[in-house]
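Undergrad: I'd like to go over a predicted model; first the sequence, then the structure.
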Amino acid sequence: MIRPRTPPGVLELLPREQIAFQRMLDVIRRNYERFGFLPVETPVFELSEVLLTKSGGETERQVYFVQSTGALANAASGASAGLPELALRFDLTVPLARYVAEHEHELSFPFRRYQMQRVYRGERAQRGRFREFYQCDIDVIGKDTLSIRYDAEVVAVIHAVFAELGIGAFRVQLNNRKLMRGFFESLGVADPQQQALVLREVDKLDKRGAEYVRQTLTGPDFNLPAEAVARILAFVEVRSGSHADALAKIDQVLAEAGGAGGQALREGAEELRQVLELVRAMGVPESAYCLNFSIARGLDYYTGTVYETQLVDHPEIGSICSGGRYEDLASHYTKSKLPGVGISIGLTRLFWQLREAGLIEGIAESSVQAMVALMDEAQLADVLDIARRLRAGGINAEVQMEARKLGRQFQYAARAGIRFVVLAGEDELARGVVAVKDLLREQQFEVPRDELADTLRVELEQARALAGR
């Protein structure tokens, strides 16, 4: 007999955890749609030549290829060579690029899309890292140009999503790649590859400490002047404490650089200013956004605004939502210039981290709101009618299809996380009422049979209001 077990690197949830996960998906989807984003789904696999537009690198080493048994047989017989025809998507950005390039003449621009699907990466098996996981993305794609105003709107979307998720205070941290590049140029670090290497070392600040990074950057591998390194370390430590402070920090960078940062520094500073002013105009509270000059978000891809979002009280969880502005989404598939801005929520990892930190609310709840008990086989028709009325009134209802001892039915409901148990014995049926046991409040009350659905709906709405959902 084969031992049942899940493969490593997947998150398989029990029903009530799955309900909580599904509710998070629903909140994210609802807020994406409120801001006018349109749903897109792409196939779980793409043609390998389309997906792997760049050869080599870390990404290709993590790709899962797809082969049918027939293709495997052909490969074994030497009938085919090279990579398999199909590969599982490793993110939602490459499929989006292919999608927009393929349907370019059928889409309206700016194209506002959201996509919430699983992606697959051959991650090394370790705690909290997943090979199959949900990404929840939004992107705005322009044709030839895209206003900086969309960069600010993305911050408003992030705020709306996480405010409704109710997982604690959070802050969207902003930077601009042009400003960062201009700052490095003002220090004589102008080569993009050298900038990338310097930032890779700066990324080690949390793990190795400032002194290690200082010695590395002034050492033989980089040979940067001590004064330049000191300014780099000071720059990446910059955080703003308010809207006015953020604007002041931008002015300070410009003043310290003088004219040495050139056009990139000035453009980045102006873009950041515009984004900050628009974010405030969109009603995002000052406590929910700040500058963080250490954020780079992948030097080869992002070209302007970059975002990372963190929980204020749980910084150890890391970024819960990230993204930024890019210059050309689909250059591998079309000659059209398609600039865009977007963000991604890695929901599977986020849910796992929140669960580990005890921050997931509602895991004790079921999506079943009421259970109709069956105390006597002769009452089955009445029990089914009560359940039908509940469902017609908007209440998710389960029926006990076999008569069992009442204690066992209560035990079942409690274990399943069902709040209300509806009882209709001979006496209740004769009087046209039902008894309702509220397992949450440990109370029992009677209600006319025709008013049952309305009564439970009011109770559930009150509970949601008290919980702030």
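TA: Received, thanks. Numbering: from 1, shown residues only.
Undergrad: in space, what's closest to the most centrally placed residue in the chain - neighbours in sequence excluded?
TA: Nearest to the geometric centre of the chain sits I345, at 1.7 Å (C-alpha atoms, centre = their mean). Nearest non-adjacent residue to I345, counting by C-beta to C-beta, 6 or more residues apart in numbering: C136, 4.3 Å away. Placement of C-beta: from N, CA and C, glycine included.
Undergrad: helix/strand/coil for the one you found?
TA: The assignment at C136 comes out as strand when based on DSSP: H, G, I helix; E, B strand; the rest coil.
Undergrad: and it, bridged to which residues?
TA: M116, I345 (DSSP bridges).
Undergrad: next up, the contacts around it.
TA: C136 is in contact with L25, I28, R29, Y32, Y114, Q115, M116, S344, I345, L347, counting by C-beta atoms under 8 Å, 6 or more residues apart in numbering.
Undergrad: which of those count as buried?
TA: By neighbour count, with 16 or more other C-beta atoms under 10 Å, these hold I28, R29, Y32, Y114, Q115, M116, S344, I345, L347 as buried.
Undergrad: quick one: the fifth one and L38, what's the gap?
TA: Spelled out, it's Q115. 10 Å (C-beta to C-beta, to the nearest Å).
Undergrad: please apply the same query to the fourth one.
TA: Distance of Y114 to L38, given as C-beta to C-beta: 7 Å.
Undergrad: repeat that for the first one.
TA: In this structure, I28 lies at 15 Å from L38, with C-beta to C-beta as the measure.
Undergrad: what's the answer for the third one, then?
TA: Here Y32 is placed at a distance of 9 Å from L38 (C-beta to C-beta).
Undergrad: which neighbours do the two have in common?
TA: In contact with both Y32 and L38: Y114, using C-beta under 8 Å, 6+ apart.
Undergrad: list the contacts of the closest residue to N292 other than its chain neighbours.
TA: If the residues on either side of it in the chain are set aside, N292 comes closest to Q173, at 3.7 Å by C-beta to C-beta, 6+ apart. Contacts for Q173 were tallied using C-beta under 8 Å, 6+ apart; they are R239, Y289, C290, L291, N292, I295, Y307, E308, T309, Q310.
Undergrad: before we move on, back to that, hmm, which two among the buried ones among the contacts of C136 are most spread apart?
TA: With C-beta to C-beta as the measure, no two of the buried ones among the contacts of C136 lie farther apart than R29 and S344, at 14.4 Å.
Undergrad: so what's the residue count around the closest residue to Q369 other than its chain neighbours?
TA: In this structure, Q369 finds its nearest non-sequential neighbour in N396, 4.7 Å apart by C-beta to C-beta, 6+ apart. Residues within reach of N396, counting by other C-beta atoms under 10 Å, total 14.
Undergrad: distance check, N396 against V372.
TA: Counting by C-beta to C-beta, the gap from N396 to V372 is 12 Å.
Undergrad: G394 now?
TA: G394 is 15 Å from V372, where distance means C-beta to C-beta.
Undergrad: who has more neighbours out of these two?
TA: A direct count of neighbours by other C-beta under 10 Å for G394 and V372 places V372 higher, at 25 against 12.
Undergrad: mind checking how far that one is from R419?
TA: Per C-beta to C-beta, V372 is found 13 Å from R419.
Undergrad: quick check: mean pLDDT of the helix or strand that contains H159?
TA: Per DSSP states H and E, H159 falls inside helix 149-165. Across helix 149-165, pLDDT averages out at 97.
Undergrad: mind listing what's buried in it?
TA: Across helix 149-165, burial judged by 16+ other C-beta under 10 Å covers 150-165.
Undergrad: and the next helix or strand past the lowest-mean-pLDDT helix or strand in the chain?
TA: Least confident helix or strand, the chain: helix 57-61 with a mean of 63, by mean pLDDT, DSSP states H and E. Counting by DSSP H and E, the element after helix 57-61 in chain order, helix or strand, is strand 65-66.
Undergrad: run through who's touching that next one.
TA: Contact with strand 65-66 is made by F45, S48, L83, P84, E85, L86, A87, L88, as judged by C-beta under 8 Å, 6+ apart.
Undergrad: reformat those as a markdown table; add distance to A387, pLDDT and secondary structure.
TA: Formatted as a markdown table, the contacts of strand 65-66 follow (distance: C-beta to C-beta, whole Å; pLDDT from 0 to 100; DSSP: H, G, I helix; E, B strand; the rest coil):
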| residue | distance to A387 | pLDDT | secondary structure |
| --- | --- | --- | --- |
| F45 | 42 | 94 | strand |
| S48 | 51 | 91 | helix |
| L83 | 54 | 79 | coil |
| P84 | 50 | 87 | coil |
| E85 | 50 | 89 | coil |
| L86 | 46 | 92 | strand |
| A87 | 47 | 94 | strand |
| L88 | 42 | 95 | strand |
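Undergrad: ok, the residues you listed vs T69, which is closest?
TA: Nearest to T69 among those is P84, at 12.5 Å by C-beta to C-beta.
Undergrad: give the bridge partners for the closest residue to the closest one other than its chain neighbours, please.
TA: Distances taken as C-beta to C-beta, 6+ apart place F65 nearest to P84, at 4.1 Å, with adjacent residues excluded. Counting by DSSP bridges, F65 is bridged to A87.
Undergrad: got any ranges where the stretch 151-300 of the chain has weak pLDDT?
TA: 297-300 (pLDDT under 70).
Undergrad: what sits against A373?
TA: V383, Q400, L406, Q409, F410, V421, V422, L423, A424.
Undergrad: now render the residues you listed as TSV, adding secondary structure.
TA: TSV is the format used below for the contacts of A373 (three-state DSSP):
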residue	secondary structure
V383	helix
Q400	coil
L406	helix
Q409	helix
F410	helix
V421	strand
V422	strand
L423	strand
A424	coil
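Undergrad: buried subset of these, written for PyMOL?
TA: Typed into PyMOL, the line below selects the buried ones among the contacts of A373, using 16+ other C-beta under 10 Å:
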select buried, resi 383+400+406+409+410+421+422+423+424
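Undergrad: on that earlier part again, shared neighbours of Q115 and L38, anything?
TA: By C-beta under 8 Å, 6+ apart, no residue touches both Q115 and L38.
Undergrad: coming back round to it: what about the residue nearest to Q369, distance to V368?
TA: With C-beta to C-beta as the criterion, N396 and V368 are 5 Å apart.
Undergrad: which one of the contacts of Q173 is nearest R181?
TA: Using C-beta to C-beta, I295 comes nearest to R181 of the contacts of Q173, at 13.2 Å.
Undergrad: so E185 is in which element?
TA: Counting by DSSP H and E, E185 is found in helix 177-186.
Undergrad: swap that for L247, please
TA: Under the criterion DSSP H and E, the helix or strand holding L247 is helix 243-257.
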